[in-house]
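Engineer: Generate coordinates for the sequence data below:
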Amino acid sequence: MEFINHVIDFLGKHMEMVYFIILSIFIGVEVIGNVPSVLHTPMMSGANAIHGVVILGAILVMLEKDNWDNYLNLSLGFVAVVLGTLNVVGGFVVTDRMLEMFKKKAKK
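Structural biologist: Numbers count the residues shown, from 1 in each chain. The predicted structure is shown next:
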């Protein structure tokens, strides 16, 4: 029960962060929803959306002033940002390669 009270207190103190994450989830879902399923598998789209949220969350955690002395949080946040960025960029590279397959080849 004490854990639930801590969670409620955290959410109450950081409500703007909760709104920001919820908004970024909606934006991510909307962007991914406009990609045709023929070009981008749903699992890759979902992974890109999740890693976009991971990137934003890690940046927000690293920017808190209380965490500047906590090197474990900073290094884990940095690793999360790097790995999440690699996944998102990799997803866009795969999508670009798939789009290249559907282009008509120029006749010589």
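
Engineer: what about residue 84, neighbour count?
Structural biologist: Residue 84 sits with 22 neighbouring residues when counted by other CB atoms under 10 Å. The way it works is simple: take the backbone N, C-alpha and C, and place the C-beta from them, glycine included.

Engineer: what's it in contact with, if anything?
Structural biologist: For residue 84, the contacting residues are 51-52, 54-55, 58, taking CB atoms under 8 Å, 6 or more residues apart in numbering as the criterion.

Engineer: Now it. Its backbone dihedrals?
Structural biologist: Its backbone dihedrals place residue 84 at phi -60, psi -40, with angles given as degrees, to the nearest 10.

Engineer: For the protein, which helix or strand comes out least confident on mean pLDDT?
Structural biologist: Of all regular secondary-structure elements in the chain, judged by mean pLDDT, DSSP states H and E, the least confident is helix 42-63 with a mean of 77.

Engineer: okay, how far is it across stretch 58-68, tip to tip?
Structural biologist: One end of stretch 58-68 sits 13 Å from the other (CA to CA, to the nearest Å).

Engineer: ok, and what's touching that stretch?
Structural biologist: By CB under 8 Å, 6+ apart, the surrounding residues in contact with stretch 58-68 are 17, 20, 73-74, 76-78, 80-81, 84.

Engineer: could you redo the last one with a cut-off of 10 Å?
Structural biologist: Surrounding stretch 58-68, the residues in contact under the criterion CB atoms under 10 Å, 6 or more residues apart in numbering are 14, 17, 20-21, 70, 73-85.
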